[in-house]
Every structure is written in structure tokens, then in C-alpha cells.
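In: model the structure of this input:
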Amino acid sequence: MASFHESQNLSEAASQMAEKPPQKGSVNDELTTKTNSPTTSSSFPEGGLRAWLTVLGGSMVVMCTFGIVQSFGVFQDYYTRVSLKEHSPSQISWIGSFQLFLLFAVALPSGRLYDEGFFRYLIACGSLLYLFSVFMLSLTKPHKYYETFLSQGLGVGLGMGLLFLPSLSISSQYFRARRSLAMGCVIAGNSAGFGWAVRYLCRLLLTCTGLLIYNIRAYGFISLLLLSLSFLSMKTRLPSRRERPDAPPIVVKPLLIDVPYMICVAGAFFTFWGLFFPFFYLQLYGSLHGVSHSFTIYIIPILNGASLFGRTIPNFLADYYGRFNVIIPMTTIAGLLMFAMFGAKTEHGIVAFAILYGFFSGCFLSMAAPMLTVFAKSVDEVGIRIGFACFIFSFALLTGNPISGALLRAPEYLWSHAIIFNAVMVLFGCFLLTVSRAMVAKAKGTQWV
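Out: Next comes the predicted model:
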């Protein structure tokens, strides 16, 4: 009889344990250890001075790169009303979209070079090209579209492309169980400290035409300081593939037949297609809806400031409950929030929208890369999987905002067309991510993915 009760208690305890979410360190430990891998599940430091200095260095790179990308809303407003006013919003948005295109497209070759051990060369070359292009932007003349496009779109974009993926991926060499949190901290650098301050500086000084040159140069000198510090603080921990002759070859073909991975990439593609619309056009939206010009300079800083919390809190939860389980509901809410722009026509309404959208969209921006590592079979695959996906995303980022600009049909500005298009794209992307999540959960035998 006692034996029966003991067996019943053990069964109940097992049932309760199965219903509880896994503990930290057990969720998304997806990188299975192979005999030729230089790491084991216990060999990741999961912290320490060197690890967090590397995260800090990566966040400083993101401050410089994404800082100017997510500030393009003020450039869009300034170019449309002042220095490139003879061009349509769609034509002007090609400058910022080409930046984003190169930021992600160059991730494929830079990811491969990163895997081969050229990390420091990528950071050095990317920093030099980025800084040179920023200072060239300060020398562009008003109403010279091609000068602005070459310096801000092409030059800055190429420099960011060389910098971004390596500075994000290197944190995966120090963290496994806390990888989502570490990568989230890197991405959150754009919304914190210098990133927020520089975006506000850009908006403040761009209101005075004569100070544009000095504003961009100030941005360049501060970026020089941050990129120098990041170069000194980031350090690789694992031997590169070139240093391990027994390392398996990393090729793209297996990724193309990985169905859950490709569906995930497709879902993120559509999400990226619509997600940046408020970052590019919200300030212009406020200006054209009667919001005072003295207030509009705060709109994008508020949007990005709110995304700081959206880029850190969900990443912390993702290490416990799974990356898909966090990113899908948060991004779905961001897509639904875009419809709220129809009612945001006052200062208070626009501020409320900026705070909410910044928070929920920030989750996708910081969780997209950690989500892709769920599919990696070893740490050697992290760079190529993220790089390949970023290359695909780049075409969505290249075309999304110019399409939105064309849908606006300036000078009529038909906002409903652009809002509906971008909201539907984000929601459709979330649907595909849900399909991918279901396939991953079935393959892993757990819902905590």
C-alpha cells in the first residue's frame, strides 16, 4: 500500500515538473555539442569582466550604426522640407533604405569572414569607412541628392554592414544560456546613453540649417571615440575555423532545405518590410498634422527611448520561456498598434503611440538574431545563419520605406494606404513566425521555444 502511494506521489511530481517552464540555462540550449566543436555546454563563461566588456563594445558599435539609421526620421523630415524639398518622400527614403539594405546585405560576407577569424579586420575597416563617410556627409551641399546618397546611403551603409554582424555575433562566444539577454544588451545600446543623446542632438541642430555641418562632424568625432573604445574592448574567445582544420565546412545549401528556418526567415522578411515605417515617417506625420515644430524634434527620441525597455526586458524573459514565445506576441501587438496611427493626431496621441510602438517593436529588433540561433546546430553556424538571413532581410529594408513613400502620394499624403500596407506586412510576418515556431516545437518536443 505504501509502495502504491509512493508511486502515485512520484507520478504527480513528474506531472507538475512537466507543466513548469524550464529553468534558466535549459531553455533554447539549442547548439548541440559535436565532437569537432571547440566548446561544450559547460565551457561558456556566461559572464565575467571580459564577457561583459565584449557586450559593452558591441553596444557601442550599435550606438553608432543603428543610431544614425533610426535617426533617419529626422533626416527624412529635414530633407523633405528643406535641403532636398524638390524630391519626393519616396526618393528621399531611398537614402535611408539603402543604408539599411547595406547594413544587412553585407552581413552575409561579413558573417563568413567573421567565422573565418577576421573579426578585428572587419571592425577596423568598417570603422574607417563609416567615419570617412560621416565626415563626407558633413561636406554635402544642399539640393545635391547624389552627394547625400553616396555619402549617407552608400558609404555609411557599407561601413555599418562590416561592423554590425561581427559586433553582435561575438557575444555568442561568451554566452549560451543567457545568449538572448547578451544580444539584447548589445542591440539596446542604440536606445541607451549616447545613442539617445546623439539622436536628440541631431534633431535639435537640424532645426538650424546653418549648423548641419557642425552637427554631423560632432557626431563623427563622438563615433570615433566610441568605435575606438569598442575595438579595444571586444575580443574573440574561441579559435576561428581557420585555426581548426577539423572544423566542418559551412555552406549555404543546407540552410535552403531547412524548412522551419526558411519559414522563419520569410516571416522576419515581411515583418522587416513594414516595421520601420514609424521610424522613418512618424516625425513627418506629426509635422503634417499640426504638431508644433518645437515638439516634433522629440518624437523619434521618445520612440527610441521606449524601445530600450523593449530590447532588454523581453530578452531576459526569452532565456526562460523561449525566444519564439516572446517575440511573436510582442511583434503582433506592434503590428496592431500601427493602426493606432489613424487616431494619433495630437501631441499626446503621438507620444502615446511612440512609447507603445517603441517598446513592442524593440523586442523584434533585438530578438531577431537570437531567434535565428535556435536553428544553429553548433556555434560554428551562428555567423552564417544570421548573415544569410540578414542578406534576405536587406531586400525588405531596401524596398519597404520607398514603397511607403510612394503610397503616401505627396503632396496629398494619403497616410491610410501606407499605414495599412505596413501593418498587414508585420502581421503576416508574425503568422509565418508562428508556423515556424510550431515546427520547431514539434521537432524539439517542447513548447518552450
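
In: Leu168 and Ala369 touch, don't they?
Out: Yes - in this structure, Leu168 is within contact of Ala369 by Cβ atoms under 8 Å, at 5.9 Å. Quick note: C-beta positions are derived from backbone N, CA and C, even for glycine.

In: could you pull out the strands for the stretch 301-449 of the chain?
Out: Taking DSSP state E, counting those that start in this stretch as the criterion, the stretch 301-449 of the chain contains no strands.

In: quick one, helices of it?
Out: With DSSP state H, counting those that start in this stretch as the criterion, the stretch 301-449 of the chain has helices at 313-321, 323-337, 347-372, 382-408, 415-444.

In: repeat that for the stretch 151-300 of the chain.
Out: Secondary structure of the stretch 151-300 of the chain (DSSP H, counting those that start in this stretch): helices at 156-169, 179-188, 194-206, 212-233, 253-256, 259-275, 277-288, 293-296, 299-310.

In: what is in contact with Leu168 and Ala369 at once?
Out: Residues touching both Leu168 and Ala369 (Cβ atoms under 8 Å, 6 or more residues apart in numbering) are 183, 187, 386.

In: got any ranges where the stretch 51-200 of the chain has weak pLDDT?
Out: Where the stretch 51-200 of the chain drops to pLDDT under 70, the residues are 189-200.

In: hmm, back to that, export the helices of the stretch 301-449 of the chain to JSON lines and tack on mean pLDDT, distance to Phe101 and mean neighbour count?
Out: Output for the helices of the stretch 301-449 of the chain, formatted as JSON lines (pLDDT from 0 to 100; distance: least, Cβ to Cβ, whole Å; neighbours: other Cβ atoms under 10 Å):
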{"stretch": "helix 313-321", "mean pLDDT": "85", "distance to Phe101": "26", "mean neighbour count": "21"}
{"stretch": "helix 323-337", "mean pLDDT": "97", "distance to Phe101": "21", "mean neighbour count": "22"}
{"stretch": "helix 347-372", "mean pLDDT": "92", "distance to Phe101": "16", "mean neighbour count": "23"}
{"stretch": "helix 382-408", "mean pLDDT": "90", "distance to Phe101": "4", "mean neighbour count": "23"}
{"stretch": "helix 415-444", "mean pLDDT": "97", "distance to Phe101": "17", "mean neighbour count": "19"}
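
In: mind giving me a markdown table with those and columns for distance to Leu139?
Out: Formatted as a markdown table, those follow (distance: least, Cβ to Cβ, whole Å):
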| stretch | distance to Leu139 |
| --- | --- |
| helix 313-321 | 39 |
| helix 323-337 | 38 |
| helix 347-372 | 31 |
| helix 382-408 | 25 |
| helix 415-444 | 33 |
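
In: and those helices: which comes nearest Pro142?
Out: helix 382-408 (20.3 Å; Cβ to Cβ).

In: packing partners of that closest one?
Out: Secondary-structure packing of helix 382-408 (3 or more Cβ pairs under 8 Å, 6 or more residues apart in numbering; DSSP states H and E): helix 89-105, helix 107-115, helix 156-169, helix 253-256, helix 259-275, helix 277-288, helix 347-372, helix 415-444.

In: what's the neighbour count on Val55?
Out: Counted with other Cβ atoms under 10 Å, residues neighbouring Val55 total 26.

In: in which helix or strand would I find it?
Out: Take DSSP states H and E as the rule and Val55 turns out to sit in helix 49-69.

In: so what touches the helix or strand that contains Tyr121?
Out: Element membership of Tyr121 [criterion: DSSP H and E] is helix 119-137. Helix 119-137 is contacted by residues 61, 64-65, 68, 110, 113-114, 148, 150-152, 154-156, 158-163, 166-167, 170, 216-217, 219-220, 223-224, 227-228, 230-231, 234, 236 when judged by Cβ under 8 Å, 6+ apart.

In: what about the closest residue to Tyr174 other than its chain neighbours, neighbour count?
Out: Distances taken as Cβ to Cβ, 6 or more residues apart in numbering place Ala51 nearest to Tyr174, at 3.8 Å, with adjacent residues excluded. Using other Cβ under 10 Å, Ala51 has 20 other residues around it.

In: kindly report the same for Phe276.
Out: Phe276 has 25 neighbouring residues, counting by other Cβ under 10 Å.

In: roughly how far does the most centrally placed residue in the chain sit from Ala438?
Out: Centroid-nearest residue in the chain, with Cα atoms, centre = their mean: Leu365, separated by 3.6 Å. In this view, Leu365 and Ala438 are 24 Å apart by Cβ to Cβ, to the nearest Å.
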